[in-house]
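Colleague: Quick one, structure for this:
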Amino acid sequence: MANTPTPHIGAKCGEIAETVLMAGDPLRVKFMAEKYLENAVCFNQVRGMLGYTGTYHGRPVSVMGHGMGGPSIGIYTYELFNFYDVNTIIRVGSAGAIQESLKVGDLVIATGACTNSNYAAQYELPGTYAPIADFTLARRAVEACELMGYRHQVGNVMSSDTFYSENPHNDRWQKMGVLAIEMEIAMLYMNAAFSSNRDRNGAKKKALGICTVSDHILTGEATTAEERQTTFTKMMDVAFAIID
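Modeller: Sure thing, here's the model as predicted:
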């Protein structure tokens, strides 16, 4: 395609698979490539945001970093969906629990994502947009968790624009049944919805967020950076298991 490489992704057309698993931390991406992919080839090192394409059980799959926060994942997923013919993006990342029923290490399958971001303003919608996951991917993720025996919960997350917030109001999100706080899923879901209408072949863009509870905002329990980078493999097992 004439638009590739993009300003943020150094790959040429055809070097990225139709399905991409993404994580905020590029080192987590490197870990996934080494653990799950066969014959992985690095297609991106621009800005240190590593990306690899290989095969998983014979099927081409790519893994790539998306950085931290809505603007960062917004850029990368927009380019993947619109310039590289990517049809499915699954985010595997960390989240902070705000429900007592969740424990550190549990998985959260985000069927919806609230946000305090102004990201949706670009669409000039006459109301409030509710970003949601692809139902088929979400259902497969639940089935995979049940088959593997992984503790999980399904529901809403909150994609926050701030990590260090003076007034987080987590108690209010908790009262509305939100399971956990993270920073990117709402923007991923919005890009998938919008990009579906832009695809020249009419392909539906599918997205899902699967998070591991890395810390518990209510109890103060937390994991280390090293643990987050290399031991959160259950969400990766689920993500690879649900690839078409």
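
Colleague: For Ala113, give me phi and psi.
Modeller: Main-chain dihedrals, Ala113, degrees, to the nearest 10: phi -140, psi 110.

Colleague: Find the least confident helix or strand in the chain, judged by mean pLDDT.
Modeller: None of the helices or strands of the chain scores lower by mean pLDDT, DSSP states H and E than helix 225-230, at a mean of 76.

Colleague: helix, strand or coil for the residue nearest the centre of the chain?
Modeller: Centroid-nearest residue in the chain: Arg91, 1.8 Å away (criterion: CA atoms, centre = their mean). Look at Arg91: counting by DSSP: H, G, I helix; E, B strand; the rest coil, its state is strand.

Colleague: related to what we said a few turns ago, what separates the least confident helix or strand of the chain from the chain centre, distance-wise?
Modeller: Relative to its chain's centre, helix 225-230 lies at 17 Å (CA atoms, centre = their mean, to the nearest Å).

Colleague: That helix: what's the following helix or strand?
Modeller: helix 233-241 (DSSP states H and E).

Colleague: Which other helices and strands does that next one contact?
Modeller: With contacts defined as 3 or more CB pairs under 8 Å, 6 or more residues apart in numbering; DSSP states H and E, the packing partners of helix 233-241 are strand 19-23, helix 26-36, strand 88-97, strand 107-115, helix 135-148, strand 206-216. Every C-beta, even on glycine, is put in place using the N, C-alpha and C of the backbone.

Colleague: What sits closest to Val217 if chain neighbours are left out?
Modeller: That one is not Val; residue 217 is Ile. Distances taken as CB to CB, 6 or more residues apart in numbering put Gly96 closest to Ile217, at 4.6 Å, once the chain neighbours are dropped.

Colleague: actually Glu227, sorry about that
Modeller: Distances taken as CB to CB, 6+ apart put Ser214 closest to Glu227, at 7.9 Å, once the chain neighbours are dropped.

Colleague: Would you confirm that the one you found contacts Val104?
Modeller: Yes: with contact defined as CB atoms under 8 Å, Ser214 counts as touching Val104 (7.0 Å).

Colleague: list residues touching both of these two?
Modeller: Common contact partners of Ser214 and Val104 (CB atoms under 8 Å, 6 or more residues apart in numbering): 222-223.

Colleague: Settle it for me: which of those two has more neighbours?
Modeller: Ser214 (22 against 16; other CB atoms under 10 Å).

Colleague: Which pLDDT value belongs to that one?
Modeller: Ser214 carries a pLDDT score of 94 in this model.

Colleague: any idea how far it lies from Thr111?
Modeller: To Thr111, Ser214 is 20 Å away according to CB to CB, to the nearest Å.

Colleague: Then Tyr78 would be within a helix, right?
Modeller: Yes: counting by three-state DSSP, Tyr78 is found in a helix.

Colleague: Torsion angles phi and psi at Asp85?
Modeller: phi 60, psi 30.

Colleague: all numbers from here: first residue = 23
Modeller: Sure, I'll start counting at 23 from here, so that last one is Asp107.

Colleague: Give me the nearest residue to it, chain neighbours excluded.
Modeller: Among residues not flanking Asp107 along the chain, Glu40 sits closest, at 6.7 Å (CB to CB, 6+ apart).

Colleague: show me the contacts for that neighbour.
Modeller: Glu40 makes contacts with 82, 107-110, as judged by CB under 8 Å, 6+ apart.

Colleague: Can you say which of those are buried?
Modeller: Using 16 or more other CB atoms under 10 Å as the burial test, the contacts of Glu40 include 107-110 as buried.

Colleague: Could you save the residues you listed as CSV and add columns showing pLDDT?
Modeller: Listed next are the buried ones among the contacts of Glu40 as CSV, based on pLDDT from 0 to 100:
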residue, pLDDT
Asp107, 92
Val108, 96
Asn109, 96
Thr110, 98
